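S.K.: Sequence first, then the predicted structure:
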Amino acid sequence: MTDDPLLTSLLAAVAAAPDDVPLRLHVAELLTTAHRPADALAHCSHVLALEPGNPAALTLLRRITGALTSGAPAAARTEPPTGPLPTPGFDWAKAEQQVADIRFTEPAPSDDAGSPPTEDFRAPERPTVRLSDVGGMDEVKQRLELAFLGPVRNPDMARQFGATARGGLLLYGPPGCGKTFIARAVAGELGAKFVEIGIADVLDMWVGRSERNLAEIFRTARRNAPCVLFLDEVDALGQKRSHLTHSGSLRNTVNQLLSEMDSATGANDGVFVLGATNHPWDLDSALRRPGRFDRMLLVLPPDPQARASILRHHLRERPVAELDVVKVVKATEHYSGADIAHVCDTAAERALAASMRSGTVQALTTRDLLAAAREVTPSTGPWFAAARNVALFGNTDGSYDDLAAYLKRHRNL
């Protein structure tokens with residue numbers, strides 16, 4: 001028992017919480033300073049049994065073993081002695097037992113103090129899909145051709161008219177309507193590599209690491225030019241800085257994205273930046289200025305031709321007895337592509353249940369698909385409810401004219 005009341009209280013706390021690593025390290029440090037290396041060793045060994053690579057515990061262990069072998073006060077030592085000088089009466093066999101399972105390895109080096117190395121994000125790929133693989137959506141394809149693909153394919157002619165492919169293209173609209181697939185098709189049209197980046201590939205818990213991740217992503221895209229860099233959920237990476245007054249890390253990430261967008265579209269040719277978002281109104285206004293995401297393209301729920309293509313795609317490997325595509329297409333108006341896939345899955349579940357009851361395969365019918373369409377509620381409704389307010393009251397610069405026109409044609413949304 002110790003006469004130090006603080007140490008006595010801390011030892012009682014350790015007994016109550018034996019796996020509290022910071023507490024045990026603090027107690028071991030106090031015991032080491034109080035010239036009680038054997039007791040300190042027991043606590044240090046417990047920490048290393050819980051966290052074998054704990055750098056603070058490894059450093060403290062060197063000091064403790066130095067004190068035990070030399071008899072010098074451990075608090076004054078920072079490096080282990082060069083040779084063993086046993087302390088009289090010390091039980092070395094017990095000490096060796098306590099540290100037998102501990103491997104003395106240094107933590108992996110890192111660019112940032114205290115932060116582990118970041119894993120590489122997904123490697124560039126070369127998509128084989130083309131815009132012709134996108135069913136319907138002729139208006140979207142035409143806008144892509146005029147605003148983005150045309151200048152890229154005809155740089156000399158575009159230059160004569162002062163048109164360039166510089167800047168980014170922002171795809172926005174309800175979730176599940178094919179923005180990612182369209183971005184892949186754009187890369188396929190250009191014969192370019194494709195890098196898809198999500199928020200998890202950028203944001204990091206360590207200070208400064210998110211900005212480094214973003215810089216490395218853009219460097220990789222430039223090394224692989226021509227390359228389409230697709231930033232999914234870009235509103236999460238580039239949200240309004242006025243909303244981030246209490247998050248300096250996210251503000252710095254937005255600033256880094258602004259800087260990289262300038263660099264990618266100014267001095268680096270061959271990097272085409274596409275962004276996708278469900279909430280473009282949450283994007284920082286600086287990202288919308290010329291040279292960054294200065295063009296927006298509304299990707300709406302699939303039109304009848306696209307819905308028919310999506311239906312056939314999801315039913316192609318399933319038993320189908322008879323299918324009135326026109327009826328199902330009409331019943332799935334305003335459904336997203338993901339909603340139509342869900343309709344097909346739900347109808348397949350119904351047919352599978354009927355097949356298991358009868359013992360024979362019951363092929364899918366139009367009735368199954370219509371019943372599933374009534375059961376599945378389109379997910380686009382809440383998005384249009386929120387977007388309507390933006391189109392009516394927040395469209396001061398005409399950015400959402402396409403959205404306003406669509407809502408005017410479909411007042412039932």
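M.R.: Alright, I've got the coordinates.

S.K.: For Gly275, pull up the helix or strand it's in.
M.R.: strand 271-277 (DSSP states H and E).

S.K.: same deal with His46?
M.R.: helix 37-50.

S.K.: For that helix, buried residues please.
M.R.: Neighbour-count burial for helix 37-50, counted by 16 or more other C-beta atoms under 10 Å, picks out Pro37, Ala38, Asp39, Ala40, Leu41, Ala42, His43, Cys44, Ser45, His46, Val47, Leu48. C-beta here means a position set from N, CA and C on the backbone, and glycine is covered the same way.

S.K.: before we move on, what about stretch 282-292?
M.R.: Leu283, Asp284, Ala286, Leu287, Arg288, Arg292.

S.K.: Among these, which one sits closest to Ile310?
M.R.: Taking C-beta to C-beta as the measure, Ile310 lies nearest Leu283 of these, at 28.4 Å.

S.K.: ok, that closest one to Leu23 distance?
M.R.: Distance of Leu283 to Leu23, given as C-beta to C-beta, to the nearest Å: 45 Å.

S.K.: likewise Ile217?
M.R.: If you go by C-beta to C-beta, the gap between Ile217 and Leu23 works out to 40 Å.

S.K.: Just to check, His314 is in contact with Thr346?
M.R.: No: if you go by C-beta atoms under 8 Å, His314 and Thr346 don't touch, sitting 11.1 Å apart.

S.K.: about what we covered before: just the C-alphas of the strand holding Gly275, formatted as CSV.
M.R.: C-alpha atoms of strand 271-277 as CSV (Å, rounded to 0.1, in the frame of the first residue of the first chain):
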residue,chain,number,x,y,z
VAL,A,271,-9.4,15.7,-66.6
PHE,A,272,-13.1,15.9,-66.9
VAL,A,273,-14.9,16.4,-63.6
LEU,A,274,-18.5,15.2,-63.2
GLY,A,275,-20.4,15.6,-59.9
ALA,A,276,-23.6,14.1,-58.8
THR,A,277,-25.9,15.3,-56.1
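
S.K.: Where does pLDDT dip in this structure?
M.R.: For the chain, applying pLDDT under 70 flags the ranges 1-3, 66-122, 163-167, 243, 245-248, 263-268.

S.K.: for the stretch 251-400 of the chain, what spans make up the strands?
M.R.: 271-277, 295-298, 320-322, 364-365 (DSSP state E, counting those that start in this stretch).

S.K.: For the longest one, report the contacting residues that lie outside it.
M.R.: Think strand 271-277. 148, 152, 165, 167-172, 179-180, 183, 186, 190, 192, 218, 221-222, 225-235, 238, 261, 264-265, 283, 293 (C-beta atoms under 8 Å, 6 or more residues apart in numbering).

S.K.: For it, which strands pair with it and how are they oriented?
M.R.: Sheet pairing for strand 271-277, assigned by DSSP bridges, gives strand 169-172 (parallel), strand 227-231 (parallel).

S.K.: The last one: what's the following helix or strand?
M.R.: Looking back up the chat, that one is strand 227-231. Downstream of strand 227-231 (by DSSP H and E), the next one is helix 234-237.

S.K.: by contact count, what packs against that next one?
M.R.: helix 248-266, strand 271-277 (3 or more C-beta pairs under 8 Å, 6 or more residues apart in numbering; DSSP states H and E).

S.K.: what does it contact?
M.R.: Residues contacting helix 234-237 (C-beta under 8 Å, 6+ apart): 170, 199, 202-203, 214, 231, 253-254, 257, 275-280, 282-283, 287, 293.

S.K.: picking that back up, in CSV, list the buried residues of stretch 282-292 along with distance to Trp383.
M.R.: Shown next, in CSV, are these (distance: C-beta to C-beta, whole Å):
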residue, distance to Trp383
Leu283, 16
Asp284, 21
Ala286, 25
Leu287, 21
Arg288, 20
Arg292, 24
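
S.K.: Just give me the closest of these to Pro382.
M.R.: Of all the buried residues of stretch 282-292, Leu283 has the smallest distance to Pro382: 19.4 Å, by C-beta to C-beta.

S.K.: any chance you could map the helices in the stretch 251-400 of the chain?
M.R.: 304-315, 325-331, 337-358, 366-375, 380-393 (DSSP state H, counting those that start in this stretch).

S.K.: so which of these gets nearest Ala57?
M.R.: helix 337-358 (49.3 Å).

S.K.: Confirm for me that Thr365 is in contact with Asp324.
M.R.: No: using C-beta under 8 Å, Thr365 makes no contact with Asp324, being 9.2 Å away.

S.K.: More neighbours: which of these two?
M.R.: Thr365 (17 against 13; other C-beta atoms under 10 Å).

S.K.: three-state assignment of the spatially most central residue of the chain?
M.R.: The centroid of the chain falls nearest to Ala200 when counting by C-alpha atoms, centre = their mean (2.0 Å). Judged by DSSP: H, G, I helix; E, B strand; the rest coil, the three-state class of Ala200 is helix.

S.K.: do the one 3 residues further on as well
M.R.: The three-state assignment at Leu203 reads coil, by three-state DSSP.

S.K.: neighbours of it, just the number please.
M.R.: 16.

S.K.: tally of neighbours for the closest residue to it other than its chain neighbours?
M.R.: The spatial neighbour of Leu203 that comes closest, neighbours along the chain excluded (C-beta to C-beta, 6 or more residues apart in numbering), is Ser210 at 5.2 Å. Neighbour count of Ser210, defined by other C-beta under 10 Å: 22.

S.K.: Isn't Ser210 up against Asn255?
M.R.: No: judged on C-beta under 8 Å, Ser210 makes no contact with Asn255 at a distance of 10.9 Å.

S.K.: so Leu50 touches Asp19, yeah?
M.R.: Yes: Leu50 is in contact with Asp19 according to C-beta under 8 Å; the separation is 6.1 Å.

S.K.: can I see the domain layout of this protein?
M.R.: 5-98, 131-298, 304-375, 380-409 (automatic domain parsing).

S.K.: can the ones you listed go into CSV with extra columns for distance to Ala123?
M.R.: CSV is the format used below for these (distance: least, C-beta to C-beta, whole Å):
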stretch, distance to Ala123
domain 5-98, 29
domain 131-298, 8
domain 304-375, 26
domain 380-409, 32
